[in-house]
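Peer 1: Got a sequence here, can you build the structure:
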Amino acid sequence: MAEQSVQDFVTDLFSLKGKLALITGGGTGLGFGMANTYVKAGAQVIITGRREAKLKEACKKLGDRSHYIVNDVTELDSLPGLVEQIESDFAPIDVLVNNAGINLKKNATEVTNKEFTDIIDTNLTGVFALSREVGKKMVERGEGSIVNISSMAALYGLPGVSAYAASKTGVVGMTRVLASDLSPKGVRVNAIAPGFIETPMLLKAMDSDPDRKRRVLERTPMKKFGLPEDVSFAALYLASDAAKFLTGVNLPVDGGNSIGF
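Peer 2: Got it, this is the predicted structure:
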């Protein structure tokens, strides 16, 4: 047998061909970017979210191997049915990406109980509930990968985001415990902490606050913002066989911002 070429080796290692991935919040932003990368890597992708128009538009761009289901992760009673629907109508879920999330920028003394709870419900409770339901199926099959999206807010004290930081810090802790619970049964659980990623929203915020932009770049060793594809490539790696011995990891994709001074 001819020696496998380098290209084939790399392609096979990072391939998601024959896999089904479920990506919450996949209609826009980083979620859409990850969905696009997964499709290019050969996966069939199901994206969910609350806005059907955005999901439908996203699937047109993603192509034939993409499908959408309107779903709100805070409607916890709907999640078991969502998982059953996907596995019945499409295929077993091989990869779950918990990307859906909301933010609130407000001084801690002004955050109401409801505002705090709303963030926790979406960013933490919904992530746990969906991971539990998908995890049950993965454990039965003895394989699977769950990728959670955490945040730099879980690594240091960003001002004005107390609820968001609490939720994302919870995601990091939960990732480690889920890895301990599920990995002995073949299911890997990891997280990604995106840094300052170049999106229209970020660029607008930074352009309107030059001092903040300067401070961000000064403490980022690579001296630049990341691109959405940087997060997508990390998500592909964690979902693929290339990361077959990784579990319980919270991977900063931040140009070194979390370790810069």
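
Peer 1: For Tyr237, which non-adjacent residue is spatially closest?
Peer 2: Closest residue to Tyr237 in three dimensions, ignoring its sequence neighbours and counting by CB to CB, 6 or more residues apart in numbering: Ala243, at 5.4 Å. Using the backbone N, CA and C atoms, a C-beta is placed for each residue, glycine as well.

Peer 1: pull the longest helix from this structure.
Peer 2: Of all the elements of type helix in the chain, the one with the most residues (DSSP state H) is helix 162-182.

Peer 1: Which other helices and strands does that helix contact?
Peer 2: When contacts are defined as 3 or more CB pairs under 8 Å, 6 or more residues apart in numbering; DSSP states H and E, helix 162-182 sits against helix 113-120, helix 126-141, strand 144-149, strand 187-194, strand 250-253.

Peer 1: how about TSV for these, with distance to Leu13, mean neighbour count and mean pLDDT added?
Peer 2: Listed next are those as TSV, based on distance: least, CB to CB, whole Å; neighbours: other CB atoms under 10 Å; pLDDT from 0 to 100:
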stretch	distance to Leu13	mean neighbour count	mean pLDDT
helix 113-120	37	14	98
helix 126-141	21	20	98
strand 144-149	14	26	98
strand 187-194	15	25	98
strand 250-253	18	20	98
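
Peer 1: any chance of these in JSON lines, with distance to Val73 too?
Peer 2: Listed next are those as JSON lines, based on distance: least, CB to CB, whole Å:
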{"stretch": "helix 113-120", "distance to Val73": "12"}
{"stretch": "helix 126-141", "distance to Val73": "3"}
{"stretch": "strand 144-149", "distance to Val73": "12"}
{"stretch": "strand 187-194", "distance to Val73": "16"}
{"stretch": "strand 250-253", "distance to Val73": "20"}
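
Peer 1: list the contacts for Ala235?
Peer 2: Taking CB atoms under 8 Å, 6 or more residues apart in numbering, we find Ala235 in contact with Met34, Thr37, Tyr38, Val97, Val147, Ile192.

Peer 1: What is the most widely separated pair among those residues?
Peer 2: The two members of the contacts of Ala235 with the most space between them (CB to CB) are Tyr38 and Ile192, at 13.8 Å.

Peer 1: Out of the helices and strands packed on helix 162-182, which is closest to Ala165?
Peer 2: Proximity to Ala165, assessed across these by CB to CB, is greatest for helix 113-120 (9.5 Å).

Peer 1: got a pLDDT number for Gly157?
Peer 2: As predicted, Gly157 sits at a pLDDT of 90.

Peer 1: what secondary structure does it sit in?
Peer 2: Under the three-state scheme (DSSP: H, G, I helix; E, B strand; the rest coil), Gly157 adopts coil.

Peer 1: follow-up on the earlier one: can you tell which of the helices and strands packed on helix 162-182 is closest to Pro92?
Peer 2: Of all the helices and strands packed on helix 162-182, it is helix 126-141 that lies closest to Pro92, at 6.3 Å by CB to CB.

Peer 1: now for that closest one, which elements pack on it?
Peer 2: The helices and strands touching helix 126-141, judged by 3+ CB pairs under 8 Å, 6+ apart, are strand 20-24, helix 79-89, strand 95-98, strand 144-149, helix 162-182, strand 187-194.

Peer 1: In TSV: those, plus distance to Arg219.
Peer 2: Formatted as TSV, the helices and strands packed on helix 126-141 follow (distance: least, CB to CB, whole Å):
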stretch	distance to Arg219
strand 20-24	31
helix 79-89	38
strand 95-98	28
strand 144-149	22
helix 162-182	18
strand 187-194	15
